[in-house]
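K.L.:
Predicted structure and sequence below. I'll ask about it afterward.
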Amino acid sequence: MENSDYGELALSHGLSRVGSRPPLGAYIKETWKRRAFALTLARYRIEAANQQNRLGLAWVVIRPLLNALVYGVIFGVVLKQQESVGAVNYIPFLIVGVFIFEYFSDAFSDGSKAITSNEALVKSLSFPRILLPISTVLQAIYELVPMVLVMFVIVLISGEPITWAWFLVIPILILMTFFNAGVAFIAARITVHFRDFRQIVPFITRLFFYSTGVFFALDAYLAPYPDVLFVARLNPVHDFIALVRGALIENAVILPLYWIVTAIAAVVFFVGGFIYFWRAEEQYGRD
Amino acid sequence: MIEPASRIPTVVVEDLHVKYRVFASGKPARRNKQPAARTRGMRHVHAIKGISFAAYEGESIGVIGHNGSGKSTLLRTIAGLTPATEGSVFASSQPALLGVNAALLPNLSGEKNVRLGALALGFSNAELEEKTDEIIDFSGLEEFRDLPMRTYSSGMAARLRFSIAIAKSQQILLVDEALAVGDRAFRKRSEQRIRDMRKEAGTVFLVSHSIGSILDTCTRVLWIDHGNLLMDGDPKEVCKAYTDSTK
């Protein structure tokens, strides 16, 4: 046979080129069909990660608590940041900030490693690769539940009353989960193209940490610069934190802008991130 | 070779070239000293130099050749894991590649790896229990099912991976030396499974240095030498030519 005959033979029998990605619709269907894989992987990973620690799963809660304690001492006691929050109770303000930020940073940093740290799995079995970043987000959700419960207890102890507004935390965190998933999809693909991205992730996280007002109120510092304040409020991570604070803490103000920004960010990042990840589907696992 | 029109192709490789660009360090081998080809330690490796063939339903194809001849590269390209530099590979479904790589998730027990593998292959939660036992049975690792996979020997890990991958009938299965590490009893079982899959209208590619196991399982053999397809045909003829050439 001549070389060109092979191409014709392939086409006449309807064979498709290896390594071309499936159409988006089929991809979503296939992903949904294997959702049990992502869930099981997330559960097993939590078990494996905590097996070696004596306190096991308790670390999920202890880590952000210790963080909050350190930040509380430095920014509350030493640097007197509690003055920036005005009439708002500083302890729940700080706890909500640290815990909700932890949810974002976990999804971001674990998501960026989703493909590169599972190379053996990617190379030996064929399944929609997006299940890997999805499973890191599911893992973050599993860890979020105990964190939220502890957060509620601390907010109560610091003297905040339980109100109907507390239920708002559920839709806020659902929106945030979609946002986080989108961030994880994007970070997972970027790391595949540029391994160096993993070195930059902690810096981006740190940048977000200081610019989202985890331990201080943005308004107190940026009020003289309304343009800068407006831009800082367009940051979805800040808005998610501000929404949870508004729901749980008296005197914490929710601007309608926060709902608009977070809702748009959740949809844009989730849909955009999904498509961005899918477009490189055939490249994962290559060397 | 006879090409009856009724045979249905599953894999078609058309004038395939694969080139790697790698950073080389140290002193180059004397015959590779070509100043033009080496810029800042960059070496070009032409691993596959124009291979064409068609594989059909019900064939099991052995791939033989010396170390570094391009056998593994060929299989990785068919699986879509290494991009073709020129030419193309067509397939009727996504080929599954089985190699001798590390554990799937080394910190998890063998059984949990099996469950995850079965779910990734698309088995439902309802089939999971039965499939898990079936896979572990096939691997013969019953007594080690609760140990973390990082404690497995390379042979045990390869057996478990192989057992997971063939739990689902793959239409196109690429086996790269994965059988070499198993013991005799396991090898017999896997060779039987490969023959069964071939009967279910699948196509199996088998890279192996064991001529015996190729003669036992294959209906056709490709001999690759320095990236070229030297011979393609009846197992006995090709294997004889290959062993003669190495004498």
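P.N.:
Sure, I can see it. Residues are numbered from 1 along each chain as shown, chains lettered A, B, ... in the order given.
K.L.:
any idea what sits nearest residue 168, other than its immediate chain neighbours?
P.N.:
Defaulting to chain A. A:Ala247 (4.0 Å; Cβ to Cβ, 6 or more residues apart in numbering or on different chains). (Glycine included, C-beta is placed from N, CA and C.)
K.L.:
switch to chain B, that's the one I care about
P.N.:
Nearest residue to B:Lys168 in three dimensions, chain neighbours excluded: B:Leu121, at 4.6 Å (Cβ to Cβ, 6+ apart).
K.L.:
The one you found: neighbour count?
P.N.:
For B:Leu121, the number of neighbouring residues by other Cβ atoms under 10 Å in any protein chain shown comes to 19.
K.L.:
Packing partners of the helix or strand where A:Lys29 lies?
P.N.:
Element membership for A:Lys29, per DSSP states H and E: helix A:24-33. Packed against helix A:24-33 by the contact rule (3 or more Cβ pairs under 8 Å, 6 or more residues apart in numbering or on different chains; DSSP states H and E) you find helix A:256-278.
K.L.:
what angle separates the helix it packs on from helix A:24-33?
P.N.:
If you take axes from the mean of the first three to the mean of the last three Cα atoms, to 10 degrees, helix A:256-278 sits at 100 degrees to helix A:24-33.
K.L.:
Can you name every helix or strand that helix A:256-278 contacts?
P.N.:
helix A:24-33, helix A:169-193, helix A:226-233, helix A:236-248.
K.L.:
quick one: the strands in chain B?
P.N.:
Using DSSP state E, the strands of chain B run over residues B:9-23, B:42-56, B:60-64, B:86-91, B:96-98, B:172-176, B:203-207, B:220-225, B:228-233.
K.L.:
now those as TSV including mean pLDDT and mean neighbour count?
P.N.:
Conversion of the strands of chain B to TSV gives the following (pLDDT from 0 to 100; neighbours: other Cβ atoms under 10 Å in any protein chain shown):
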stretch	mean pLDDT	mean neighbour count
strand B:9-23	86	19
strand B:42-56	87	18
strand B:60-64	92	25
strand B:86-91	89	20
strand B:96-98	78	25
strand B:172-176	86	24
strand B:203-207	90	26
strand B:220-225	93	21
strand B:228-233	91	16
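K.L.:
closest point of chain B to chain A, which residue?
P.N.:
For chain B and chain A, the shortest gap (Cβ to the nearest Cβ) falls at B:Gly80, measuring 3.2 Å.
K.L.:
residues in contact with that residue?
P.N.:
Each residue near B:Gly80 by Cβ atoms under 8 Å, 6 or more residues apart in numbering or on different chains is listed here: A:Val18, A:Gly19, A:Glu282, B:Val89, B:Gln94, B:Pro95.
K.L.:
want to try TSV for those residues, with distance to A:Ala165 as columns?
P.N.:
As requested, the contacts of B:Gly80 are arranged in TSV below (distance: Cβ to Cβ, whole Å):
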residue	distance to A:Ala165
A:Val18	55
A:Gly19	51
A:Glu282	47
B:Val89	59
B:Gln94	50
B:Pro95	55
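K.L.:
Could you single out the nearest of these to A:Ile100?
P.N.:
Of all the contacts of B:Gly80, A:Glu282 has the smallest distance to A:Ile100: 36.2 Å, by Cβ to Cβ.
K.L.:
Just give me the neighbour total for that closest one.
P.N.:
17.
K.L.:
repeat for A:Ser105
P.N.:
By the measure other Cβ under 10 Å, the count of residues near A:Ser105 is 19.
K.L.:
shaky segments in chain B?
P.N.:
Scanning chain B for pLDDT under 70 picks out B:1-6, B:23-41, B:99-103, B:178-181.
K.L.:
quick one, helices of it?
P.N.:
B:71-78, B:110-120, B:125-139, B:154-165, B:184-199, B:211-217, B:235-245 (DSSP state H).
K.L.:
can those helices go into a markdown table with extra columns for distance to B:Leu173 and mean neighbour count?
P.N.:
Conversion of these to a markdown table gives the following (distance: least, Cβ to Cβ, whole Å; neighbours: other Cβ atoms under 10 Å in any protein chain shown):
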| stretch | distance to B:Leu173 | mean neighbour count |
| --- | --- | --- |
| helix B:71-78 | 10 | 24 |
| helix B:110-120 | 15 | 25 |
| helix B:125-139 | 15 | 16 |
| helix B:154-165 | 7 | 23 |
| helix B:184-199 | 6 | 16 |
| helix B:211-217 | 12 | 17 |
| helix B:235-245 | 18 | 15 |
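K.L.:
Looking at the helices and strands packed on helix A:256-278, which one is packed in the most?
P.N.:
Most buried of these by mean neighbour count (mean count of other Cβ atoms under 10 Å in any protein chain shown) is helix A:236-248; its value is a mean of 24.
K.L.:
Packing partners of it?
P.N.:
Right, helix A:236-248 is packed against helix A:90-112, helix A:131-157, helix A:169-193, helix A:256-278 by 3+ Cβ pairs under 8 Å, 6+ apart.
K.L.:
Tell me, how many residues neighbour the one residue in chain A that gets nearest to chain B?
P.N.:
In chain A, no residue comes nearer to chain B than A:Gly19, which is 3.2 Å away by Cβ to the nearest Cβ. Residues lying near A:Gly19 (other Cβ under 10 Å) number 22.
K.L.:
thinking again about what came up before, between helix A:131-157 and the helix holding A:Lys29, find me the angle.
P.N.:
Angle, helix A:24-33 to helix A:131-157, by the same axes, to 10 degrees: 60 degrees.
K.L.:
Do me a favour and average the pLDDT over helix A:24-33.
P.N.:
Across helix A:24-33, pLDDT averages out at 92.
K.L.:
outside of that helix, which residues touch it?
P.N.:
Where contact means Cβ under 8 Å, 6+ apart, the residues beyond helix A:24-33 that reach it are A:Arg21, A:Pro22, A:Phe127, A:Pro128, A:Ile130, A:Leu131, A:Ile134, A:Ile275, A:Trp278, A:Glu281, B:Gly122.
K.L.:
The third one: what secondary structure?
P.N.:
What it means is A:Phe127. Recorded secondary structure, A:Phe127: coil (DSSP: H, G, I helix; E, B strand; the rest coil).
K.L.:
quick one, what contacts it?
P.N.:
Applying Cβ under 8 Å, 6+ apart, the residues near A:Phe127 are A:Glu30, A:Arg34, A:Phe37, B:Ala120, B:Leu121, B:Gly122.
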